[in-house]
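> Predicted model follows, preceded by the sequence.
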Amino acid sequence: MMEIGAGSVGISSVNLDYVIGDKTGYLHLQDGQTAYVEYSTYQTLRSAPPTNFHIDAGSNIWLSADFKLIGLQKPAMQVGSPPCFVDLLSITLSLNSM
């Protein structure tokens, strides 16, 4: 677990180049924090970090262009309380058939 707490004056963003885990942990971004999760400005990456996300209003998360949610929590991504704005180029949902 990694936490940027109140005692971390001046730290408002974190870059997670590669995320590993068992799909039960989560990344919680609070107001004013920014995270870059397996993201690159210069190339398109395929990313499926094994974690869950809780994104509060006022925070930012940058994800790869080809991003897949695989966390085990329901829902795997919680986006903050209103007012909340989500900017996306496109969303593609794929359901695994049984």
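Cool, the structure landed.
> Around residue 63, how many other residues sit close by?
19 (other CB atoms under 10 Å). Heads up, the C-betas are built off the backbone N, CA and C, glycines and all.
> so it touches residue 44, yeah?
No: using CB atoms under 8 Å, residue 63 is not in contact with residue 44; the gap is 11.7 Å.
> Residue 11: how many residues sit nearby?
Using other CB under 10 Å, residue 11 is surrounded by 10 other residues.
> Equivalent analysis for the one 4 residues further on, please.
Neighbours of residue 15 under the rule other CB under 10 Å: 11.
> So the nearest residue to residue 71 once chain neighbours are set aside versus residue 42, what's the distance?
Excluding the flanking residues, the one nearest residue 71 by CB to CB, 6 or more residues apart in numbering is residue 52, at 3.4 Å. Using CB to CB, to the nearest Å, one obtains 27 Å as the distance from residue 52 to residue 42.
> Same drill for these two, tell me which one is more crowded.
residue 52 (22 against 5).
> give me the beta-bridge partners of the more buried one?
Beta bridges link residue 52 to residue 26, judged by DSSP bridges.
> For it, give me its contacts.
Going by CB atoms under 8 Å, 6 or more residues apart in numbering, residue 52 touches 23-27, 71-73, 76-77.
> Most neighbours among those residues, which one is it?
residue 27 (22 neighbours).
> Could you double-check that it sits in contact with residue 59?
No: look at residue 27 against residue 59 with CB under 8 Å: they stay out of range, at 10.3 Å.
> Between the two, which contacts overlap?
Jointly contacting residue 27 and residue 59 under the rule CB under 8 Å, 6+ apart are residue 35.
> my read: residue 36 touches residue 19, true?
No: if you go by CB under 8 Å, residue 36 and residue 19 don't touch, sitting 11.1 Å apart.
> With residue 21 as the reference, measure out to residue 62.
Distance from residue 62 to residue 21, by CB to CB: 19 Å.
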